[in-house]
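Asks: Just need the structure, nothing else, for what follows:
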Amino acid sequence: QVQLVESGGGLVQAGGSLRLSCAASGRTFSPYAMGWFRQTPGKEREFVATISWSGGSTSYTDSLKGRFTISRDNAKNTVYLQMNSLKPEDTAVYYCAARDYRGTYYYLASVYKYWGQGTQVTVSS
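Replies: This is a model prediction of the structure:
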């Protein structure tokens, strides 16, 4: 079992930046690839980014490339999401998740095994 706890959310003006953190505890963190998703009321959870267990490979949803950066520090059992040039449409609850799935469907929430409780990000215009 891996426990994930997100932090770093909050209220920010459009154009600002936030860095989300996701701290893992429990089983060894490093073998898991990690992902960030976001969700707004009434909508499905949306894939944001993923990073391999080593940190050597990352993928992003196309619309967020260039603004969001995922990274991890296995020594600290933490994964990060740096969000720049934030827009009101980035407002959502952001979740981190862990998977041992190694296939190409990394953008599907269903392949992630462990989830955090989420952190709210609100971007004001």
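Asks: which residue ranges form the helices in this structure?
Replies: Assigned helices in the chain: none (criterion: DSSP state H).
Asks: got the contact list for the spatially most central residue of the chain?
Replies: Central residue check for the chain by Cα atoms, centre = their mean: the C-alpha nearest the mean position is that of residue 36, 2.1 Å away. For residue 36, the contacting residues are 20, 22, 48-50, 68, 70, 79, 81, 94-97, taking Cβ atoms under 8 Å, 6 or more residues apart in numbering as the criterion. For the C-beta atoms, the positions are set from N, CA and C on the backbone; glycine is no exception.
Asks: Next: residue 14.
Replies: Shown in contact with residue 14 (Cβ under 8 Å, 6+ apart): 86-88, 123-125.
Asks: Can you select the buried ones from these in ChimeraX?
Replies: A single ChimeraX command selects the buried members of these (16 or more other Cβ atoms under 10 Å):
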select :86,123
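Asks: Reformat the contacts of residue 14 as JSON lines; add pLDDT.
Replies: JSON lines is the format used below for the contacts of residue 14 (pLDDT from 0 to 100):
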{"residue": "86", "pLDDT": "98"}
{"residue": "87", "pLDDT": "97"}
{"residue": "88", "pLDDT": "97"}
{"residue": "123", "pLDDT": "98"}
{"residue": "124", "pLDDT": "97"}
{"residue": "125", "pLDDT": "93"}
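Asks: which ones among the contacts of residue 14 are found in strands?
Replies: For the contacts of residue 14, the ones inside strands are 123-124, with DSSP state E as the criterion.
Asks: I'd say residue 72 and residue 81 touch.
Replies: No: with contact defined as Cβ atoms under 8 Å, residue 72 does not reach residue 81; the gap is 10.2 Å.
Asks: quick one: which of these two has more around it?
Replies: Here residue 72 and residue 81 are set side by side on neighbour count (other Cβ atoms under 10 Å), and the busier one is residue 81, at 27 against 23.
Asks: Need the per-residue pLDDT for the closest residue in space to that one that isn't next to it in sequence.
Replies: What sits nearest to residue 81 in space, not counting adjacent residues and going by Cβ to Cβ, 6 or more residues apart in numbering, is residue 20, at 4.3 Å. For residue 20, the pLDDT comes out at 98.
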